[in-house]
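Asks: Okay, here's the prediction I keep looking at, along with the sequence it came from:
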Amino acid sequence: ARACRSDSRREDFSRTPMMQFMLLFSRQGKLRLQKWYVPLSDKEKKKITRELVQTVLARKPKMCSFLEWRDLKIVYKRYASLYFCCAIEDQDNELITLEIIHRYVELLDKYFGSVCELDIIFNFEKAYFILDEFLLGGEAQETSKKNVLKAIEQADLLQEVCCSLPSSLGGVARCHERQDVSTARSSQTE
Amino acid sequence: MALKIVKGSIDRMFDKNLQDLVRGIRNHKEDEAKYISTCIDEIKQELKQDNIAVKANAVCKLTYLQMLGYDVSWAAFNIVEVMSSSKFTYKVSCSQLQLQSVDAVLITTIINSVSLPLVTQDLSSPNQYDTGVALTGLSCFVTPDLARDLASDIMTLMSHTKPYIRKKAVLIMYKVFLKYPESLRPAFPRLKEKLEDPDPGVQSAAVNVICELARRNPKNYLSLAPLFFKLMTSSTNNWVLIKIIKLFGALTPLEPRLGKKLIEPLTNLIHRALDLLYGMVSKKNLMEIVKKLMLHVDKAEGTTYRDELLTKIIDICSQSNYQYITNFEWYISILVELTRLEGTRHGHLIASQMLDVAIRVKAIRVFAVAQMATLLDNGHLLTGNMQRNGICEVLYAAAWICGEFSEHLEDPMQTLEAMLRPKVATLPGHIQAVYVQNAAKLFATVLRKQEGTTDSLAAQETSQLLIDRLPLFVQSANLEVQERASCILQLVKYIQKLQQKEVEVAEEVTALFAGELNPVAPKAQKKVPVPDGLDLDAWINEPPSESESEDEKPKAIFTKEEPKHTRPRHTEVDEKELARRREARKQEQANNPFYIKTSPSSQKVYQDQPGVEHIPVVQIDLSVPLKVPGMPMSDQYLKLEEERRQKERSERKKKEKKKKREKHGRGRRADSGPESEEDITPAHHVDIVTEEMPEVCWVLLQWPLTDNEKLPVRTHRPAEAVKSPVEAGNGESATPEPKKKKEKKKDKERKVDLSSLTVYLTLFFSHIVYDVQGNLQDGSQVVVSVIFENKTDHFLKSMEFNVLDSLNSKLQRPEGSSPHDGLAVPFQLPPGVSNEARFVFSVQSIVMPQKLKGTLTFIVKTEDASTHEKLDFKLHFTCTSYLITTPCYSDAYAKLLESGELKSSSLKLEGVIMPFHHLLARICFHHHFSVVERIDSCASMYSRSIQGHHVCLLVKTVSTQRVPCLEWMSSILESTR
C-alpha cells in the first residue's frame, strides 16, 4: 500500500505545473508567505519549508541563484531581508522563473510603494492577491503589470464598498495608517 | 433579536482583528505559542457567534495562523460557512484559506457536498471579481470530482465577455485537464480559439496551457504548429516567446520539416544572444566562448546563420584592437579554421583579419606565414566551387602574407610553385594580381637562398619556372594581372640572362621589395605639429587678381555660360563631393593592408604594456602540428593557454609569497584570489599605434630614474630646494635625492598612464594618478587631471575632492562656495573602474614649486553597509609643470640668446650613464622641453611657460668623463603676449 501511495505522489509531481511552490522567508528564517501549487500534506510542506530555508540561508551571496534539490530546481533571489524562493521542474527555465520572481517583487513594490518586509507581514493577504493575479495554478496568467494592479485595485474597491463594517482585513486600516503618516509628514515639513 | 445584534457588534469592537493578531504575535516573541493558543481560544468563541462579520474576522485570523503552520482543520465547517456568505471580502479571505489546506479531506468533502453549489453560483456571478476569486480558489483545490462537475461551467467561462475571467478560466482548464483528462477533447477547440484572443493576457494563458499540455504529448499538437509559428513571429511578449520555443523544442523531433522553418525566427533570437556575447567577453573567457561558437558554426545549417556566427566571432575577437586576445597563434588558427566554411560571403572579412594581425603582431608572423603557406598549398580545396564562393578571398591575404614576409617561409620554393599553379588562373582577377606580385617577392627570396648555396643551376631553374608559368597570367583578361605579369615576366627574363652570365642578381632583386611596412595610425598625421611660422591658409603664390581673370576670360564659344551660379554651386558640390571622397578614401583605406583599420579602441587598453621589444614573446610551440588546414587546432591553444595561465599564476603566487616573506602585510591586494582581467598577460603584443602613444614615452618608462633626479628641474623637489628657474642659476638645487622608492611602486602597479607621469599615489581604496598641465588660454591657470581608479571590490560613490589652498595656488571652486568646500567628483566608481576628473587651479606665481595637501572623501558601499572614508594626498606643482612644449627654430633661438635678456646659470652632473639621446628624450618628456638643435652630444633646448617666459637649456656631455654638463639659461621676460 505504501509503494502505491508513493507512486501516486510521484505521479502527482510529474503532472504538475511549471511552478511547484513559492516561499518567502526572512533572513532569520521566518516564513512570510507560502504558496503551493501542488497538493501536499501539512507535514510534508513543513518539512520542505524547513529544509529549503536552511539550504538557501546557508548559501553565500555570490553563489548561484539556482540549485538542484530533490528532483526539482530551486530558484531563489534575495531582496533586502527577504528571500523569494521558487521550485520548478527540472525541464523548466530558471531564468524565466527568476524573471517571475522579479516581476512579483515589482508588483509588490508598485502596489505598496517601496515595499518592505513589514508591508508583507501586515498585509499578507494583499501579497497573496497580487500573487494570485499574477500566477494561477503555477503558471503566469498575466504578464502585464498594469493589468494585475488594475485588477487588485478593483478588488480593493469592491472590498471597501461591500464592507459596511470597518474592514476586518486591514485594507482600509492600512489606508488610514498611511494617510496618518503622510499627514504627519506634511505637517512636519510645514 | 435586535438587541443581540447590537450586543454582538459592540462585542466586536473589543475583538482582535487581523492587524491586532499580527501585531500581538510580533510583540510576544518569547511566548508566541502561548499567545497563539489564547488567540485560538478567542477565535473558537467568535466562531460560535451568529454574526457573520465576527465569524469572518475569526476566519481571517485563522488564515494567518494557518500560514504560520497551525492546524486549523477543526474550523473547516465554519470556513465553508463564511465562504458561502455573499460578501466579497469574506469570500476572498476564505479562498485564501482553502487553498492552504487543500489536502484536508474534510474540507474537500465539504466542498464537494456543500460548497459546490456555492462555487458554481459564484462562477455565474455577475461580478467579475467574485468569479475571479472563485476561480483562483478553485485552481488550488480541484479534485477529479470537482473537475468533472465544473468542466462545462468553466468552458462557458472561457468565452466570458471579460478578459479577466477568460484568462483565469483558460488557466484553470489546465488543472481540470490534469484531473479529468476526458474534458480535454471537447474543450480543445475553444482553447485553440483562445490562442487568437484579442487580449494578450488570455492569449498568453492559452499559450501556457497548450505548451504545458504539448510537453506531455507533443504528437497531438503538431497541427497547431503553423498557428504557433505565426504567434512566434508576431508576438513581442518575451514570456510567451519562451513558452513557444519550449513547445517547438518538443515538436521538432516529430516533424523534421519544422526545423527548417524555424531557423529564421530562431536566428533572429540568437542574434540578440550573440550581441549579448559581444559585450560579455573578457580575456579569460574569450577562448571558451569562441570555442562554443565554433561548435555552433560546425553544426549550423543554413549559410545565413553560419555567416552571422562567423562575423560575430571575428567581431568579438577583434573588438577594441584585439583587447581580449592573449594568444594570437590561437586567433590565426581560428581564422584558418573558419576558411573551411563553404559558401560563406565573408571571405574578405577573414582575409582582412589575417592581414591585420600579421602586419600588426610582429611576433606572430612566423606562425602566420607557415599557416598561410599551408592554405596556399591547399588552395584548390578552397576554390572547389569557385565564383560564388567568397572564401577564396582568403587566398588574397594568404598570398600577400607569404610574399611580404617570405623570409619566414620554411620552404619558399614550394609556396612559389603553389602560387604559380595553372589552377590559379580560375581565381578572381584581383586575387590573381596579388598572386603574381607576391610570386615575384617569393622569387627574390628563393633566389637569395639558392645563390647563397652556390647552386647556380637551381637559381636558373627557378627563373625558368617563372618564365614557364607567367605567360598564363599575361593572357589574363584582367588588366591588372596582365600588366603585372608581363612586367615581371620581362624582369625574370632579364634576370635569367644575367644568371647565364654567372652574375649574382639576388641582392638587386631583393632590393626591389626592400623596406618594411609599418602600421600607421589613422590619425598619425595630426601628431605632427605645424611648425612655427607656417601658415597653412596663406597662399604660396598669390592668386591672379579677380579683375585680371575677368578680363582675360575667354568668351564662351559653344554654350552660353551663366556666371552667377559658379560660386554657390561649387560649394554645394563640394560638400557632397567631400562626403563621397571621404567614403571613397575610407573604402580605399579599408582595402589597403598598410592601413590600420579604424576600430572603436579605448585608449587606455594598451597603455599598461611596454613596447614590443620588451614583451616576453612566447616561443612558438612546434609540437603543435600545423600541417592540415582542416584540423581544428584552436582547441589545443585553449589548452596551451590554460597551461600558460596556470604557470603564470603559480609563478605569481611564488613571487607573492616571496614578497610576503620580505614585507609583512604591505600589499593589501588579494594575494591569491581568482585571477583578474589585468593579470592575464598576453602572449603576443599587438602593435597598436594610437595617436596618444608616442614611442618615446615607452622608452622613457623603461629606465631607472636615478640620473633624472639630478636634473635641475626635478619634478619632486624637496621644499628647501625650491628655486624658480630664474634663481636656479646657482645650481644648488641639483642635490641628487633618491627617488627610487616611488619608481618601484610604479613598476609594481604595472599601470602607466602616458599623459601623466608626474606622481603616482597608491591609495588604499583607490588609485589616483594625476597630471598637471598648463592652460594655454589663461596664464594663471593649470589644469590637474586626476585619474581615479577603484582597486577595491566595492562601489565608491559621493566622492569629494578638496585641496587646502595656499597663498599661491587655489582650487577653482564654483561661485558662492567657501574656500574650504570640496568639489564633488562628477562620477561614481564601480569596482575596478577608473575615470578621469579635471580640476582647475589658479596660480599666482609660477616661479615657485608648490605642494598642496588635499583630501578625498568618499562613501564605500559594501554588501551590508556603506562607510565614509577619507584619503589624504599631496599634489606637487613643480616649475616645469608650468612649461608648455613649444617648438622653436634655431634662428629665433639664436636671436633670443643674443637679446641678452636671459639670465643664465650652469651646473654639472656626474654619474649619468644613460645614452645622450635618451637623456634628451627624458628632458623633453618630463619637463616639456623641445630640442632646438643637436650636435653630437650637445643640444640646445627650449620651452615656454604658461605666462610666456622663455626657458633655454643647453645640455652638453663632457666626453672624457661622460658627464653631461647642463647649461641652464632661463629667462623671465615680462609676458610678451
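Replies: Good, I have the coordinates.
Asks: The residue in the stretch 701-850 of chain B that chain A sits nearest to - nearest residue in space that isn't next to it in sequence?
Replies: Distances between the stretch 701-850 of chain B and chain A by CB to the nearest CB are smallest at residue B:793, namely 10.6 Å. Glycine gets a C-beta too; all of them are placed from N, C-alpha and C. Nearest non-adjacent residue to residue B:793, counting by CB to CB, 6 or more residues apart in numbering or on different chains: residue B:831, 5.1 Å away.
Asks: swap in residue B:500?
Replies: residue B:460 (7.2 Å).
Asks: Tell me the secondary structure at the spatially closest residue to residue B:182 that is not a sequence neighbour.
Replies: Ranked by CB to CB, 6+ apart and with sequence neighbours excluded, the top spatial neighbour of residue B:182 is residue B:148, at 7.9 Å. Secondary structure, DSSP: H, G, I helix; E, B strand; the rest coil: residue B:148 is helix.
Asks: what's the answer for residue B:953, then?
Replies: Secondary structure for residue B:953, judged by three-state DSSP, is strand.
Asks: Residue B:944 is in contact with that one, correct?
Replies: No. Counting by CB atoms under 8 Å, residue B:953 sits too far from residue B:944 to count as a contact (12.0 Å).
Asks: burial of residue A:35, as a residue count?
Replies: 21 (other CB atoms under 10 Å in any protein chain shown).
Asks: Next up, the contacts around it.
Replies: Residues counted as contacts of residue A:35 (CB atoms under 8 Å, 6 or more residues apart in numbering or on different chains) are A:21-23, A:128, A:131, A:135.
Asks: how close does residue A:90 sit to chain B?
Replies: According to CB to the nearest CB, to the nearest Å, residue A:90 and chain B sit 12 Å apart.
Asks: need the contact list for that residue.
Replies: A:68, A:71-73.
Asks: Please narrow those residues to those residing in strands.
Replies: Taking DSSP state E, the ones among those that sit in strands are A:68, A:72-73.
Asks: Separate out the buried members of those residues.
Replies: A:72-73 (16 or more other CB atoms under 10 Å in any protein chain shown).
Asks: I'd like the ones in strands among the contacts of residue A:90 as CSV, with distance to residue B:183 and pLDDT appended.
Replies: Below are those laid out as CSV (distance: CB to CB, whole Å; pLDDT from 0 to 100):
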residue, distance to residue B:183, pLDDT
A:68, 34, 89
A:72, 28, 88
A:73, 30, 90
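Asks: out of the ones in strands among the contacts of residue A:90, who's nearest chain B?
Replies: When the ones in strands among the contacts of residue A:90 are compared against chain B (criterion: CB to the nearest CB), the nearest one is residue A:73, at 14.7 Å.
Asks: List the beta-bridge partners for the closest one.
Replies: Taking DSSP bridges as the rule, residue A:73 bridges to residue A:68, residue A:88.
Asks: how close does it sit to residue B:361?
Replies: 45 Å (CB to CB, to the nearest Å).
Asks: now swap in residue B:262 and tell me
Replies: In this view, residue B:262 and residue B:361 are 41 Å apart by CB to CB.
Asks: any idea of the mean pLDDT in stretch B:194-209?
Replies: With pLDDT averaged residue by residue, stretch B:194-209 scores 84.
Asks: Contacts for it, please.
Replies: Contacts for stretch B:194-209 (CB under 8 Å, 6+ apart): A:136, A:139-144, A:147, B:158, B:163-164, B:166-168, B:170-171, B:173-174, B:177, B:191-192, B:210, B:224, B:227-228, B:231, B:237, B:239-240, B:243-244, B:247.
Asks: Please check those residues and keep the buried ones.
Replies: Buried subset of the contacts of stretch B:194-209 (neighbour count, 16+ other CB under 10 Å): A:136, A:139-143, A:147, B:158, B:163-164, B:166-168, B:170-171, B:173-174, B:177, B:191, B:210, B:224, B:228, B:231, B:237, B:239-240, B:243-244, B:247.
Asks: give me the low-pLDDT residue ranges for the stretch 801-950 of chain B?
Replies: Residue ranges of the stretch 801-950 of chain B with pLDDT under 70: B:910-912.
Asks: Give me every residue in it lying close to chain A.
Replies: Contacts of the stretch 801-950 of chain B with chain A, taken as CB under 8 Å from any CB of the partner chain, map to residue B:863.
Asks: Which residues are in contact with the closest residue to chain A within the stretch 801-950 of chain B?
Replies: Across the stretch 801-950 of chain B, the shortest distance to chain A (CB to the nearest CB) belongs to residue B:863, at 6.3 Å. Listed by CB under 8 Å, 6+ apart, the contact set of residue B:863 reads residue A:61.
Asks: Where does it sit: helix, strand or coil?
Replies: Three-state assignment for residue B:863 (three-state DSSP): coil.
Asks: From residue A:25, how far out is it?
Replies: Counting by CB to CB - residue B:863 and residue A:25 are separated by 19 Å.
Asks: what's the burial count for residue B:889?
Replies: Look at residue B:889: counted by other CB under 10 Å, it has 14 neighbours.
Asks: ok, it touching residue B:932?
Replies: Yes. Residue B:889 is within contact range of residue B:932, at 7.4 Å (criterion: CB under 8 Å).
Asks: one step back: pop out the phi and psi values for the residue of the stretch 801-950 of chain B closest to chain A.
Replies: With angles defined as degrees, to the nearest 10, residue B:863 sits at phi -50, psi -50.
Asks: Distance of it relative to residue A:62?
Replies: Residue B:863 sits 10 Å away from residue A:62, going by CB to CB.
Asks: Then residue B:368?
Replies: Going from residue B:368 to residue A:62 by CB to CB gives 41 Å.
Asks: neighbour count winner among these two?
Replies: Using other CB under 10 Å, the more surrounded residue of residue B:368 and residue A:62 is residue B:368, with 28 against 6.
Asks: so residue B:65 sits right up against residue B:40, yeah?
Replies: Yes. Taking contacts as CB under 8 Å, residue B:65 lies within contact range of residue B:40: 7.0 Å.
Asks: Now for those two: what residues contact both?
Replies: Both residue B:65 and residue B:40 lack any common contact, where contact means CB under 8 Å, 6+ apart.
Asks: how about the residues of the stretch 301-450 of chain B that lie near chain A?
Replies: Residues of the stretch 301-450 of chain B lying close to chain A (CB under 8 Å from any CB): none.
Asks: where do the strands sit along the stretch 301-450 of chain B?
Replies: Remark: no strands are assigned in the stretch 301-450 of chain B by DSSP state E, counting those that start in this stretch.
Asks: can you tell me how far the residue of it found nearest chain A sits from residue B:371?
Replies: Per CB to the nearest CB, residue B:312 is where the stretch 301-450 of chain B lies closest to chain A, at 21.4 Å. Separation of residue B:312 from residue B:371 (CB to CB) stands at 22 Å.
Asks: For those two, indicate the residue with more neighbours.
Replies: Higher neighbour count among residue B:312 and residue B:371: residue B:371, with 26 against 21, using other CB under 10 Å.
Asks: low-scoring pLDDT stretches of chain A, where are they?
Replies: Scanning chain A for pLDDT under 70 picks out the ranges A:1-17, A:161-190.
Asks: If we use 80, what do you get?
Replies: Applying pLDDT under 80 to chain A picks out residues A:1-18, A:38-42, A:90-91, A:125, A:137, A:155-190.
Asks: ranges for the strands of it?
Replies: A:19-26, A:31-36, A:66-69, A:72-79, A:82-89, A:135-136, A:139-140.
Asks: Can you say which of these is nearest to residue B:894?
Replies: Set against residue B:894 and scored by CB to CB, the strands of chain A come closest in strand A:72-79, at 75.6 Å.
Asks: Any idea how far that closest one is from the middle of the chain?
Replies: The chain centre lies 12 Å from the centre of strand A:72-79; the measure is CA atoms, centre = their mean, to the nearest Å.
Asks: what does it contact?
Replies: A:20, A:52, A:55-56, A:61, A:65-68, A:83-90, A:92, A:94, A:97-98, A:101-102, A:105.
Asks: got the CA coordinates for that strand in PDB?
Replies: The C-alpha coordinates for strand A:72-79 follow below in PDB (Å, rounded to 0.1, in the frame of the first residue of the first chain):
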ATOM      1  CA  LEU A  72      13.300  19.900  -8.700                       C
ATOM      2  CA  LYS A  73      15.200  23.100  -9.300                       C
ATOM      3  CA  ILE A  74      15.100  25.800  -6.800                       C
ATOM      4  CA  VAL A  75      15.300  29.400  -8.000                       C
ATOM      5  CA  TYR A  76      15.800  32.000  -5.300                       C
ATOM      6  CA  LYS A  77      16.600  35.600  -5.100                       C
ATOM      7  CA  ARG A  78      17.200  37.800  -2.100                       C
ATOM      8  CA  TYR A  79      15.600  41.300  -1.900                       C
END
